[in-house]
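[1] Turn this into a model:
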Amino acid sequence: MQFTLHHTSTNSRARAGTLVTDHGEIETPIFMPVGTVASVKAVWPKELVEDIQAQIILGNTYHLYLRPGMDIMKAAGGLHHFMGWNGPILTDSGGYQVFSLSDRRKLTEEGAEFKSHLDGSLHMFTPESVIDIQRAIGADIMMVFDECPPGDATREYARNSNELTLRWAQRCKNHMAETSPLYGQDQALFGIVQGVVYPEIRKESAERLVEIGFPGYAIGGLSVGEPAEEMYAMVDVVTDILPTDQPRYLMGVGTPANLIENIDRGIDMFDCVMPTRNGRNGMLFTTDGIINIKNAKWKNDFGMIDEGLGIYASSAFTKAYVRHLFQANEILGLQIASVQNLAFYLWLMREARKAILEDRFPSWKDDILPRISRRL
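    Take a look at the predicted model:
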């Protein structure tokens, strides 16, 4: 993996770069559609490429480990072959999922013992096993195994948790060096900065991860219920420390406004289930604002969903038609909404990149934020 930083905006930390993997190039800033269980919900791989213009997607170690399992994954030749996606893939280590099972897991220095949410069977994740699983998945970008503490964790808990995460990060790096890719393609391992909303812990986490040394860094444990301003403050702390010549990934974020604000703070990569999950519930993100397509006001509106995008979902269907699909519980409505929202998120990334390269990001941000955040 290689990262090239092309430009940093004047009067902003917003960056435009290119990330090169064995499965293709990624132009940053970038949003990664979430394909947790080897599928971006309600979206075909062809739509991801042609309509959404996705450059990289995300899979999840915890879910793929439980189902279909690594025997199937290895027999298929990795996740790329298994799901018919030829572009880059990033895998979450599963730490967030394991530690969200607070009543189903036991944490030790060795790792995390947990019960499957599917059948209650007992399993163990260690830093070493999580690397092995991600080797079997074949992701282009892998994550260290970390503890994701709750957003309301005390300072003492956050500090102890971060110490454990740092020890695990070193073990992950060591095991990465002792193993090889299974499918002849390069894989990169990112460290994960933790520390809840405590600046001094975030700072220490970032500094010590940089000392360990990774080709890229993620920021975890944010967008878990804390106020947005606290999230932005923690990102400011961390991006002050992380190397400027390596990619920065903010995990699990977020709304379109969250993405723009964090691009402004120097973040390169994002993922979130919001565009597909909210789309399946009738919320459409558009270049003019946010639509609740279930509202009666759209019943007789035969205008296109989003003329500003000019993509398949927007140019082919009217608001009245998509509202009808939701009222009739037709699956096509969920598909159209998911494609629309992901296409909008990727459009937003391309527009941000263009503004950065043209050195007009601050004025672009001031113009776009109120427009895309308003309710229509």
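
[2] Show me which helix runs longest in the chain.
    In the chain, assigned by DSSP state H, the helix with the most residues is helix 331-357.

[3] Next, the angle helix 331-357 makes with whatever helix or strand comes next after that one.
    Heading C-terminal from helix 331-357, the first helix or strand you meet, by DSSP states H and E, is helix 361-373. Angle, helix 361-373 to helix 331-357, by axes from the mean of the first three to the mean of the last three Cα atoms, to 10 degrees: 160 degrees.

[4] who does helix 361-373 touch, helix- and strand-wise?
    Helix 361-373 sits against helix 256-264, strand 289-292, helix 331-357, with contacts defined as 3 or more Cβ pairs under 8 Å, 6 or more residues apart in numbering; DSSP states H and E. Every residue, glycine included, has its C-beta placed from N, CA and C.

[5] Show me which parts of it are buried, residue by residue.
    F361, W364, K365, I368, I372 (16 or more other Cβ atoms under 10 Å).

[6] which one of those residues sits closest to Q340?
    The closest of the buried residues of helix 361-373 to Q340 turns out to be I372 (Cβ to Cβ; 13.3 Å).

[7] would JSON lines of the buried residues of helix 361-373 with pLDDT be doable?
    Shown next, in JSON lines, are these (pLDDT from 0 to 100):
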{"residue": "F361", "pLDDT": "98"}
{"residue": "W364", "pLDDT": "98"}
{"residue": "K365", "pLDDT": "98"}
{"residue": "I368", "pLDDT": "98"}
{"residue": "I372", "pLDDT": "97"}
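
[8] Among those residues, which one lies nearest to E211?
    F361 (31.2 Å).

[9] got the domain boundaries for the protein?
    For the chain, whose domains are defined here by automatic domain parsing, the residue ranges read 2-272, 279-373.

[10] Now do the longest one: distance to the chain's middle.
    For domain 2-272, the separation from the chain centroid amounts to 7 Å (computed by Cα atoms, centre = their mean, to the nearest Å).

[11] Ok, stretch 329-345 next?
    19 Å.

[12] and if you look at stretch 366-376?
    A distance of 22 Å separates the centroid of the chain from that of stretch 366-376, by Cα atoms, centre = their mean.

[13] Using CSV, list the CA coordinates for that stretch.
    Output of stretch 366-376 as CSV, limited to C-alpha atoms (Å, rounded to 0.1, in the frame of the first residue of the first chain):
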residue,chain,number,x,y,z
ASP,A,366,-19.6,27.2,4.0
ASP,A,367,-21.8,26.9,0.9
ILE,A,368,-22.5,23.2,1.0
LEU,A,369,-23.2,22.5,4.7
PRO,A,370,-26.4,24.4,5.1
ARG,A,371,-27.8,23.2,1.7
ILE,A,372,-27.3,19.5,2.3
SER,A,373,-28.3,19.6,6.0
ARG,A,374,-31.8,21.2,5.6
ARG,A,375,-35.0,19.2,5.7
LEU,A,376,-37.1,19.4,2.5
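
[14] any idea how far G266 lies from D152?
    G266 sits 27 Å away from D152, taking Cβ to Cβ, to the nearest Å as the criterion.

[15] Give me the more crowded residue out of these two.
    G266 (22 against 11; other Cβ atoms under 10 Å).

[16] close enough to count as contact, the more buried one and S9?
    No - G266 lies out of contact with S9 (Cβ atoms under 8 Å); the separation is 9.7 Å.
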